[in-house]
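J.: What would the 3D arrangement of this be:
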Amino acid sequence: MMSIALLAIGLAACSDNTNNATIPLQTIPGDYTLRTINGSPLPFTFSDGATLNSDVLTLFDNGKFSETMKLADGRVFTDTGVYTANNTSLTITDETAGFTYSASLSGTVLTAIFPNGLTEVFQKK
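T.: This is a model prediction of the structure:
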């Protein structure tokens, strides 16, 4: 959690002295909407036949997260856990599902790489 605060402070203090333009503050906490899985847009059908209609990952400023996934058949799943940040790299531990994965943040785009080989790209709201 301390690294998130330091990142926010460090980025807020940055500026481009050449043209006096302030670098926008990149904050990690917020709502991220899933846009693609392995390059394919939602809805996405997995090999088991389940179709994911929507997925929202919420990163809180206290280092916790919640993720709500809605399937085409009406089922809704919510996972929770914790994350740590080191600059733009994140380590996310899904305590509900019992695994850890890595992610990177570039502007408002969060790219998550899962242990099963899936790559998910989220867009911050």
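
J.: What strands line up against the host helix or strand of residue 123, and which way round?
T.: Element membership for residue 123 (DSSP states H and E) is strand 119-124. Using DSSP bridges, strand 119-124 pairs in its sheet with strand 30-37 (antiparallel), strand 109-113 (antiparallel).

J.: which parts of the longest one are buried?
T.: Residues of strand 30-37 classed as buried by neighbour count (16 or more other C-beta atoms under 10 Å): 32, 34, 37. Quick note: C-beta positions are derived from backbone N, CA and C, even for glycine.

J.: Would you mind writing the CA trace of that strand as PDB?
T.: C-alpha atoms of strand 30-37 as PDB (Å, rounded to 0.1, in the frame of the first residue of the first chain):
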ATOM      1  CA  GLY A  30     -10.700   2.700  -9.700                       C
ATOM      2  CA  ASP A  31     -13.000   0.600 -11.800                       C
ATOM      3  CA  TYR A  32     -11.600  -1.300 -14.700                       C
ATOM      4  CA  THR A  33     -14.000  -2.800 -17.400                       C
ATOM      5  CA  LEU A  34     -12.800  -5.900 -19.200                       C
ATOM      6  CA  ARG A  35     -12.500  -5.200 -23.000                       C
ATOM      7  CA  THR A  36     -10.800  -8.300 -24.400                       C
ATOM      8  CA  ILE A  37      -9.700 -11.800 -23.500                       C
END
